[in-house]
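S.K.: Pasting a predicted model and its sequence here:
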Amino acid sequence: MRGSRAPDSKRLIDDDDRDDTSAEVLGAVAHLDGEDYSDDGPAYSVEDAVQHMGWGKFQTRLLFQCGACWSADAMEMMLLGFTLPVLEKEWGLSPGEVGLIGAMTFVGMLCGASFWGKMADKFGRRTGYMGSVVFVGVFGLLSTFVPGNKSVGFPIFVLCRLFVGFGTGGAPVSFGLFAELVPSSLRGLSLVAVEGGFWVCGSITSAATAWAVMPVLGWRPFLAFSALPAWCLLLLWRFLPESPRYLMISNRRDKAIQVLEKMSRLNEVPLPDGHLESCASASMNRKLGSYSELFGIERLQDLKFRITDAKMLRKTVLLMFIWAACTMCYYGMVFITPRFFKLSSCEEGDDSSSCQAQTYRQAFMTTLAEIPGLVFAAVCVDRVGRTNTLTILFSTAATATLMLLLSDSSQPGCPSTLGAVSDTIAVVFMFFARGSVQGSFTTTYVMTPEMYPTTIRTTGLGTCSAVARVAGILTSFVAEGQCVPTALIMFGATAAFAAICVRGLPETAGKALQEVMEVDDSDDEHTSLTDVVEDKPHGSAVAPTANNQDVDKIPLRLSAA
């Protein structure tokens, strides 16, 4: 067993059938105890090691570290739905100014999602993770101390929320890190727990804090409480492991072995027999975080592009729209919930504390709907499949959202609603809408990293998240600036169309994560990239290559590693 050996040296495996260049490209490196491990048992991949050691203390610790990041981000995002109505009254903000606060938050998320995703693919998951947390903690706390007068306080507050959004945009990095370190049999359920479970905890905590703090102490202490989780995460940075998958494709095999050995110690399970296979070929001629691979296109001269992988292009485009739909429906319902219940439960112009308390109470009750939505996703995501689960949840969200038009939420100068159902029934409809949208968002997060290889996994996550933030920018204006009935129709229609788009994606449940894209070298003039998620048995080895083959023609065949 290798679990007790420490990496302290390296040498090239001697192979008379290969020239020196081929040996270096293949990265046939032995790291342990100064021995030559070319014949010391079979080679195993990172995927094999993770599958072999299963779930243990290592994954449990990582679950709480990555999950806490989502809780911190959730609290920072949920507070907008509670603070914007208060700031609107305190500073005398116009609907456009109120929408600007939410919009700038999503502008920050738009920039941050792409930035931190690419950073994580180029410089490591830990770098992207902690960099984003620093922005959330620092600027989230600074939001509390903005001046009280509108002329100075408003622009500073908008700027702070912009940088909070920039940090929040890096949340998918923690999700990608966790996805790469759990066995595939538990990946769906555990990822639901990270993204959904901890996000719901943050959402509920935010709603409960607003209910308890804002009517008594105001919005500033509420913002201070919301920034505390991010500061706690900064203290745990030294315990966060790097992804061995990333370390392998960046040719740091020593470090990858150290992470796997730590996993072996914590899980009390020895590493597989043999040695960790080399992954030098995984990064050969591959740019980490490549947008051309993400979209399956190749740039030609004169700003022209050629499609090299139509399947990858279609997959990425569909995922981007589904992410946009999730963002629009989720945050749209979050932002519109206090307005909706104030219209349906309070008399026009009633700003009394009792009316506010009732609005917060109803908003808190509907926020609890995210728990059953999360449970449904957790139960179905592996049994029913990712795409089927998404179809069910989006369809439910569309139906429940449109049914809210039956309540009494009319506004002067806006389309009238039927007023055919009571406030209690409206709470039920909102409950189903919020729960199903939360389940949809969670399932989308689970499925997306499974669509891409390690070389572009967090770039893909970040890009989809960035595009979704464009929808978030529009959502803040729709939810705060449009009539409630109009906004509900837009959100319901978006969810219905997303349910249709999901049917164009491949199913990924139970399939191994792939490390790199394959290169088809059958045609020197044209390079085609094959599907990323393939239904292969775990631990398929590196395919053999012909002796003395040219370096630039060695195909990348490391799959499910």
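M.R.: In hand now; what should we look at?
S.K.: how about Val478, what does it touch?
M.R.: Neighbouring residues of Val478 by Cβ atoms under 8 Å, 6 or more residues apart in numbering: Met328, Gly332, Thr486, Ala487, Met490, Phe491. Where you see a C-beta, it was placed from the backbone N, CA and C, and this is true even at glycine.
S.K.: now, among the residues you listed, which is nearest to Gly108?
M.R.: Nearest to Gly108 among the contacts of Val478: Met328, at 17.3 Å, using Cβ to Cβ.
S.K.: On the pLDDT front, check the closest one for me.
M.R.: As predicted, Met328 sits at a pLDDT of 88.
S.K.: and if you look at the one 4 residues further on?
M.R.: Residue-level confidence at Gly332 comes out at 83, pLDDT.
S.K.: separation between it and Ser250?
M.R.: Separation of Gly332 from Ser250 (Cβ to Cβ, to the nearest Å) stands at 39 Å.
S.K.: Which one of those two is surrounded by more residues?
M.R.: Gly332 (28 against 22; other Cβ atoms under 10 Å).
S.K.: Just the element for that one, please.
M.R.: Taking DSSP states H and E as the criterion, Gly332 maps to helix 310-345.
S.K.: Under the pLDDT cut-off, which ranges of the stretch 151-300 of the chain? List them.
M.R.: 279-289, 300 (pLDDT under 70).
S.K.: now do the chain
M.R.: Applying pLDDT under 70 to the chain picks out residues 1-41, 279-289, 300-303, 338-339, 341-363, 366, 407-423, 480-481, 514-561.
S.K.: What ranges does the stretch 351-500 of the chain have for its helices?
M.R.: Ranges of helices in the stretch 351-500 of the chain, per DSSP state H, counting those that start in this stretch, are 353-367, 370-383, 386-403, 423-447, 457-481, 484-501.
S.K.: Out of those, flag the one nearest Trp116.
M.R.: Judged by Cβ to Cβ, the one of these that comes nearest to Trp116 is helix 457-481, at 6.2 Å.
S.K.: What separation do you get for Val502 and Lys315?
M.R.: 12 Å.
S.K.: Same check on Phe305?
M.R.: 17 Å.
S.K.: With adjacent residues omitted, what lies nearest to the spatially most central residue of the chain?
M.R.: The residue lying closest to the centre of the chain (Cα atoms, centre = their mean) is Pro172, at 3.2 Å. Nearest residue to Pro172, sequence neighbours excluded (Cβ to Cβ, 6 or more residues apart in numbering): Leu461, at 4.1 Å.
S.K.: Repeat that for Phe82.
M.R.: Using Cβ to Cβ, 6+ apart and skipping residues adjacent in sequence, the residue nearest Phe82 is Ala210, 4.1 Å away.
S.K.: and the angle for the host helix or strand of that neighbour with helix 423-447?
M.R.: Ala210 is part of helix 198-217 when elements are defined by DSSP H and E. Angle of helix 198-217 versus helix 423-447, following axes from the mean of the first three to the mean of the last three Cα atoms, to 10 degrees, is 140 degrees.
S.K.: Identify each buried residue in helix 198-217, please.
M.R.: Going by neighbour count (16 or more other Cβ atoms under 10 Å), the buried part of helix 198-217 is 198-207, 209-211, 213-214.
S.K.: try stretch 234-248
M.R.: Buried positions in stretch 234-248, judged by neighbour count with 16+ other Cβ under 10 Å: Leu240, Pro241, Glu242, Ser243, Pro244, Arg245, Tyr246, Leu247, Met248.
S.K.: still on that earlier bit, rebuild the helices of the stretch 351-500 of the chain as TSV, extending it with distance to Phe321.
M.R.: As requested, the helices of the stretch 351-500 of the chain are exported to TSV (distance: least, Cβ to Cβ, whole Å):
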stretch	distance to Phe321
helix 353-367	26
helix 370-383	20
helix 386-403	12
helix 423-447	11
helix 457-481	8
helix 484-501	6
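S.K.: wait, which of these is closest to Ser290?
M.R.: Distance to Ser290, taken as Cβ to Cβ, is lowest for helix 457-481 among the helices of the stretch 351-500 of the chain, at 7.5 Å.
S.K.: Surely Ile249 is in contact with Thr454?
M.R.: Yes. With contact defined as Cβ atoms under 8 Å, Ile249 reaches Thr454; the gap is 5.4 Å.
S.K.: These two: who's more crowded?
M.R.: Shown here are Ile249 and Thr454; by other Cβ under 10 Å, Thr454 has more neighbours (30 against 27).
S.K.: just the helices in the stretch 51-200 of the chain please.
M.R.: Using DSSP H, counting those that start in this stretch, the helices of the stretch 51-200 of the chain run over residues 57-91, 95-123, 125-142, 150-168, 171-179, 184-191, 198-217.
S.K.: Report all helices and strands that the third one contacts.
M.R.: Using 3 or more Cβ pairs under 8 Å, 6 or more residues apart in numbering; DSSP states H and E as the contact criterion, the neighbours of helix 125-142 among helices and strands are helix 57-91, helix 95-123, helix 150-168, helix 171-179, helix 219-234.
S.K.: Can you tell me which of the ones you listed is packed in deepest?
M.R.: Greatest average neighbour count among the helices and strands packed on helix 125-142 goes to helix 171-179 (a mean of 29), per mean count of other Cβ atoms under 10 Å.
S.K.: Output it as PDB, restricted to C-alpha atoms.
M.R.: C-alpha atoms of helix 171-179 as PDB (Å, rounded to 0.1, in the frame of the first residue of the first chain):
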ATOM      1  CA  ALA A 171     -19.300  30.700  -5.100                       C
ATOM      2  CA  PRO A 172     -19.400  28.100  -7.900                       C
ATOM      3  CA  VAL A 173     -15.700  27.500  -7.400                       C
ATOM      4  CA  SER A 174     -16.300  25.900  -4.000                       C
ATOM      5  CA  PHE A 175     -19.000  23.800  -5.700                       C
ATOM      6  CA  GLY A 176     -16.600  22.600  -8.400                       C
ATOM      7  CA  LEU A 177     -13.900  21.800  -5.800                       C
ATOM      8  CA  PHE A 178     -16.300  19.700  -3.800                       C
ATOM      9  CA  ALA A 179     -17.600  17.900  -6.900                       C
END
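S.K.: Residues contacting that helix, please?
M.R.: For helix 171-179, the external contacting residues (Cβ under 8 Å, 6+ apart) are 62-63, 65-66, 69-70, 73, 113, 116-117, 119-120, 125-126, 128-129, 132, 187, 190-191, 194-195, 243, 445, 449-450, 457-458, 461-462, 465, 513.
S.K.: That helix versus helix 95-123: what angle between them?
M.R.: Using the same axes, to 10 degrees: helix 171-179 against helix 95-123 is 40 degrees.
S.K.: tell me the contacts of the closest residue to Val213 other than its chain neighbours?
M.R.: Take Val213 and drop its neighbours on the chain: the residue closest to it by Cβ to Cβ, 6+ apart is Phe222, 4.8 Å away. Neighbouring residues of Phe222 by Cβ under 8 Å, 6+ apart: Leu79, Phe82, Thr83, Thr209, Ala210, Val213, Met214.
S.K.: From the residues you listed, pick the one nearest Gly148.
M.R.: Among these, Thr83 lies closest to Gly148 (Cβ to Cβ), at 14.1 Å.
S.K.: I figured that closest one was touching Pro221, is that so?
M.R.: No. Proximity of Thr83 to Pro221 does not meet the contact threshold set by Cβ under 8 Å, at 11.4 Å.
S.K.: so is the nearest residue to Leu276 once chain neighbours are set aside in a helix, a strand, or just coil?
M.R.: Nearest non-adjacent residue to Leu276, counting by Cβ to Cβ, 6+ apart: Ile257, 5.8 Å away. Classification of Ile257 by DSSP: H, G, I helix; E, B strand; the rest coil places it in helix.
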